[in-house]
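1. Mind looking at a prediction? Sequence and model below.
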Amino acid sequence: MLLSDFDYELPEELIAQKPIEPRNSSRLMVLNPIDKTIEHHHFYDLKNFLTAGDTLIFNDTRVIPARLIGHRETGGKVEVFLLRRIDKNHWETLVKPGKKAIKGNKIIFSDDLACKVVDNTDFGGRIVEFIFDGIFEEILDKLGETPLPPYIHEKLDDSERYQTVYNRECGSAAAPTAGLHFTKEQMNDLKNSGINLGFVTLHVGLGTFRPVQVENIEEHQMHEEYFSIPQETVDLINQTKKNKRRVIAVGTTSIRTLESAFIDGELKAMSGATKIFIYPGYEFKIVDAIITNFHLPKSTLIMLISAFAGREFILSAYREAVKERYRFFSFGDAMLLTSGVSVFKK
């Protein structure tokens with residue numbers, strides 16, 4: 001499969017620059033990949049497409065203030081973007097300008113925080129060791145900026161608007177954006193209607209938003225990201241399957257977590273690192289339906305949902321979304337894929 005197979009035309013004015021209020025007033029495109037039907041609704045209508053006993057799985061990660069602005073000892077400005085924590089003091093990062101970030105270089109952010117470049121990574125990043133006086137998380141909250149994707153050019157009035165209402169595990173460099181549509185009131189209403197709510201964690205890093213740079217997509221290598229799934233969630237999913245109800249993943253990061261934890265024929269409570277890359281031909285083991293946003297052309301995310309619903313159908317849905325003036329990407333509208341092709345075949 002070729003990278004160009006996952007391209008589509010998107011007018012720039014359809015890239016959402018601001019989140020809509022309230023959160024769940026965004027539009028919801030409802031797709032049935034089996035019947036090839038497309039319907040237009042709003043996110044507050046979601047309950048109408050769920051059945052008591054269905055289980056929604058959310059990624060409860062929280063975006064950290066991952067962008068730090070500092071300077072080299074010689075005075076040049078440097079931006080350090082935190083991707084993944086390795087241990088107490090060491091992080092995988094992206095550094096700009098990278099040419100100036102050579103081993104041994106020190107970058108100073110404040111009197112309380114600095115870092116030293118200790119190694120290069122195979123994806124063009126840097127391993128840095130932080131030197132700090134105090135509690136790292138508190139210093140980061142004070143000095144760091146919540147990163148927004150590069151296609152968003154307007155500053156947020158409230159940084160919490162780039163967080164889900166159910167976030168609790170700090171560690172992401174970007175938000176699991178499908179979850180941004182949910183309000184606390186809507187989640188409570190779903191729960192009271194008999195819909196189960198389960199949680200996993202995947203700290204979004206370079207693996208999720210790194211561009212694919214090879215024409216043959218099978219040669220693309222995902223970057224490692226931390227994930228965790230508790231026993232409580234495993235038990236909930238197993239009971240849902242036993243009751244012949246659906247497991248509905250909220251976002252591609254929830255999908256990747258669930259599918260990464262399916263080992264030797266069963267879903268396992270575990271934590272670790274995943275490099276799972278899902279593209280057409282993949283057979284889903286856990287996920288029966290998906291809530292997701294509209295993704296960038298040629299991205300691993302559009303490849304993932306194409307694996308679930310069929311590439312041609314997804315691209316036709318994207319063309320329909322452009323025609324109907326849906327809002328795209330992180331602060332854009334959502335889609336519900338009610339069933340998957342590979343799920344149906346099973």
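-> Good, I have the coordinates.
2. From the contact counts, what lies against the helix or strand hosting Thr233?
-> Using DSSP states H and E, Thr233 falls within helix 231-242. For helix 231-242, the packing partners by 3 or more Cβ pairs under 8 Å, 6 or more residues apart in numbering; DSSP states H and E come out as strand 55-59, strand 196-202, strand 247-250, strand 266-267. Where C-beta positions appear, they are placed from N, C-alpha and C, glycine not excepted.
3. Tell me which of these approaches Ser4 most closely.
-> Of all those, strand 247-250 sits nearest to Ser4, with 27.3 Å by Cβ to Cβ.
4. which residues sit against the closest one?
-> Here strand 247-250 makes contact (Cβ atoms under 8 Å, 6 or more residues apart in numbering) with 50, 54-59, 176, 178-179, 182, 237, 240-241, 255, 258, 286-291.
5. try 6 Å
-> 54-58, 178-179, 237, 240, 255, 286-291 (Cβ atoms under 6 Å, 6 or more residues apart in numbering).
6. Of those residues, which is the most crowded?
-> Among these, the one with the most neighbours (other Cβ atoms under 10 Å) is Ile255, at 28 neighbours.
7. Could you report the neighbour count for the residue nearest to Gly171 when sequence neighbours are not counted?
-> Leaving aside its sequence neighbours, Gly171 sits nearest to His203 (Cβ to Cβ, 6 or more residues apart in numbering; 3.6 Å). When neighbours are counted by other Cβ under 10 Å, His203 registers 26.
8. His203 contacts Cys170, correct?
-> No - if you go by Cβ atoms under 6 Å, His203 and Cys170 don't touch, sitting 8.5 Å apart.
9. buried sites along the strand or helix carrying Glu259?
-> Assigned by DSSP H and E, Glu259 belongs to helix 252-260. By 16 or more other Cβ atoms under 10 Å, the buried positions in helix 252-260 come out as 252-260.
10. Which of these sits closest to Lys298?
-> Once Cβ to Cβ is applied, the member of these that ends up nearest Lys298 is Thr252, at 15.0 Å.
11. check contacts around the closest one.
-> By Cβ under 6 Å, 6+ apart, Thr252 lies in contact with 301, 304.
12. So it versus His42, what's the distance?
-> Going from Thr252 to His42 by Cβ to Cβ, to the nearest Å gives 22 Å.
13. what does Ile34 give?
-> Distance from Ile34 to His42, by Cβ to Cβ: 23 Å.
14. And for Thr338?
-> To His42, Thr338 is 16 Å away according to Cβ to Cβ.
15. which of those two has more neighbours?
-> Thr338 (21 against 14).
16. For that one, which residues are in contact?
-> Thr338 neighbours (Cβ under 6 Å, 6+ apart): 32, 289.
17. Against Thr300, how distant is it?
-> For Thr338, the distance to Thr300 equals 23 Å [Cβ to Cβ].
18. Equivalent analysis for Met29, please.
-> From Met29 to Thr300 the distance is 21 Å (Cβ to Cβ).
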